[in-house]
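> Build me a structure from this.
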Amino acid sequence: MLERVRKNKVWTIMIVLIFLLALWLRADFLTSVKHNVSHDSKYYNEMVHRLFDKGIYSYKEEVPNARVTPGYPLFMASMYIVADQIGMEPFPLIRWVQVLISLASLALMYIIAMQATKNKWVALLSIFAGAIYHPFIWTTGAVLTETLALFLLMAYLSMQLYAFRTHLKRDAAIAGVLLGLTVLVRAEFLPLFVPLYGVFLLQQWSKRKEGREAAGQSRWAIFKKVALLGIITGLCLSATMLPWWIRNIVTLHEFVLTASQSNPFSAGTYPDKDYSDRIVPKPKGMPEKEYAWVRLKAGFTTQTWKYIKWYTVGKLKYTYSHMFFGSGHKPIYYAYPKVPFLHLFVVYSSIISLLALVWRWRHPGVMLAVVIIIMTMIRLVFVPEYRYNFTVMPLFIILSVWLCIYILQKAWTYGARRKSA
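Reported below is the predicted structural model:
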């Protein structure tokens, strides 16, 4: 490792400078603004105190419930213990720890970019874009799940891509544990490994057909090998979540897969987020989730085009057209002018990369496209919020930078040929 650093001094210096820039921007942000505390943060704070004072795990209630997964509340609880030991307020401590987590996420971005593209310039410029991308800075001040969820998702994807390369059971198991931890922070990532293994299986079959890596193996043998790795990942995911499932069965006398909160699904049935819309009257006493299904049925049958637009273009626009601002702060922190431009450029340029990867699905980088597509489809089911684009933005950034590097390399090659002609 040290030998590689000595041989690549300039490269190492550039990486170190990028991380110093990222650290300075995040530290400058934390110390130069007044941070707002969102209502979710207030409920989390009450939740942690209730857990310490009464031994009750519950969100927004005084009785035990499973409305939110335990990953972030337990992270907060650990920070409260540390803050008490060192005589510090918990929220500032959480924010500074999240700065370190954010920097670790940048390191994982570099690893994922190298795994997906095998291009060190893509990896370097991706972490530079990540260092200055404002939502990654702003969310370090938010006592919310985003920063921790992003780190765990990047850790899982990095390990999953590594397991796809090594085909080792151990690596598939570690990937499962990391995905389980991710789900315990943000539940929507639960099904992610299934389509990833599905595409991986198709890639392995394709290699057999082309007589490369899997030559001499039957399709059935390849299927069994990939299925075994997928089962190991799924079992380790389940083992990681098992304490949460047991707690819910013992305490609540019901099985809760992730969380019992259904508001995001219900709120997603209101086109353009018009909550005054009453396409059908709500019967008194009808559960919110049941009423959501009634609304969907009525909407797609009586206002078909409106609901089709809402569940496609409408929700996509709400999710990706703006950046997530964290929990808010004053004055608004801008490290450079024209801040929204970077976000919009990354999102729109990534569309080209996504289409190219769908066409060239045998490329290892297609796994990034699979994550974006699957998570976007999942988001279309729920209420659209700008914060929901946050966790996949590192992948958007990698794909955007990859496209830019590809274009520059082609232009350089073309220019060199013109000069030599």
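
> Report the buried residues of stretch 13-29.
If you call a residue buried by 16 or more other Cβ atoms under 10 Å, then stretch 13-29 has these buried ones: Ile15, Ile18, Ala22, Leu23, Leu25, Arg26, Phe29. Where C-beta positions appear, they are placed from N, C-alpha and C, glycine not excepted.

> name the element the nearest residue to Ile111 once chain neighbours are set aside belongs to?
Leaving aside its chain neighbours, Ile111 sits nearest to Ser158 (4.9 Å; criterion: Cβ to Cβ, 6 or more residues apart in numbering). According to DSSP states H and E, Ser158 maps onto helix 146-166.

> now that helix: mean pLDDT?
When pLDDT is averaged over helix 146-166, the result is 98.

> list the helices and strands it packs on?
Applying 3 or more Cβ pairs under 8 Å, 6 or more residues apart in numbering; DSSP states H and E, one finds that helix 146-166 contacts helix 71-86, helix 90-117, helix 169-185, helix 193-209, helix 219-252, helix 366-379, helix 393-420.

> Now that helix: buried residues?
Within helix 146-166, the residues that count as buried by 16+ other Cβ under 10 Å are 146-164.

> so where's this structure shaky on pLDDT?
By pLDDT under 70, the weakly predicted segments of the chain are 1-7, 208-216, 262, 421.

> Give me the distance between the residue nearest to Ile111 and Ile397.
Plainly put, Ser158 is 15 Å away from Ile397 if you go by Cβ to Cβ, to the nearest Å.

> In contact with the residue nearest to Ile111, which residues?
The contact partners of Ser158, taken as Cβ atoms under 8 Å, 6 or more residues apart in numbering, are Leu108, Ile111, Ile112, Gln115.

> Among those, which one has the most neighbours?
Greatest neighbour count in the contacts of Ser158, by other Cβ atoms under 10 Å, goes to Ile112: 25 neighbours.

> separation between it and Phe189?
Separation of Ile112 from Phe189 (Cβ to Cβ): 15 Å.

> swap in Ile374?
On the measure of Cβ to Cβ, Ile374 and Phe189 end up 9 Å apart.

> likewise Thr117?
Per Cβ to Cβ, Thr117 is found 23 Å from Phe189.

> so Met14, which of the three states?
Recorded secondary structure, Met14: helix (DSSP: H, G, I helix; E, B strand; the rest coil).

> Setting aside sequence neighbours, what's the nearest residue to it?
Of all residues not flanking Met14 in the chain, Leu124 sits nearest, at 6.4 Å (Cβ to Cβ, 6+ apart).

> and if you look at Leu190?
That would be Val183: by Cβ to Cβ, 6+ apart, it lies 4.8 Å from Leu190.

> surely the one you found meets Ser238?
No. Proximity of Val183 to Ser238 does not meet the contact threshold set by Cβ atoms under 8 Å, at 10.2 Å.

> Please say which of those two ends up with more neighbours.
Taking other Cβ under 10 Å, Val183 and Ser238 do not tie; Val183 has more neighbours (27 against 12).

> Tell me who's in contact with that one.
Val183 makes contact with Thr69, Gly71, Phe189, Leu190, Leu237, Thr240, Met241, Thr258, according to Cβ under 8 Å, 6+ apart.

> ok, now how distant is the second one from Trp244?
It stands for Gly71. 9 Å.

> what does the first one give?
Here Thr69 is placed at a distance of 7 Å from Trp244 (Cβ to Cβ).

> who touches both of those two?
Taking Cβ under 8 Å, 6+ apart as the criterion, Thr69 and Trp244 both touch Leu184.

> Not counting residues beside it along the chain, what's closest to Phe382?
The spatial neighbour of Phe382 that comes closest, neighbours along the chain excluded (Cβ to Cβ, 6+ apart), is Pro264 at 4.1 Å.

> shouldn't the one you found be in contact with Arg379?
No. Between Pro264 and Arg379 there is no contact under Cβ under 8 Å: 9.6 Å.
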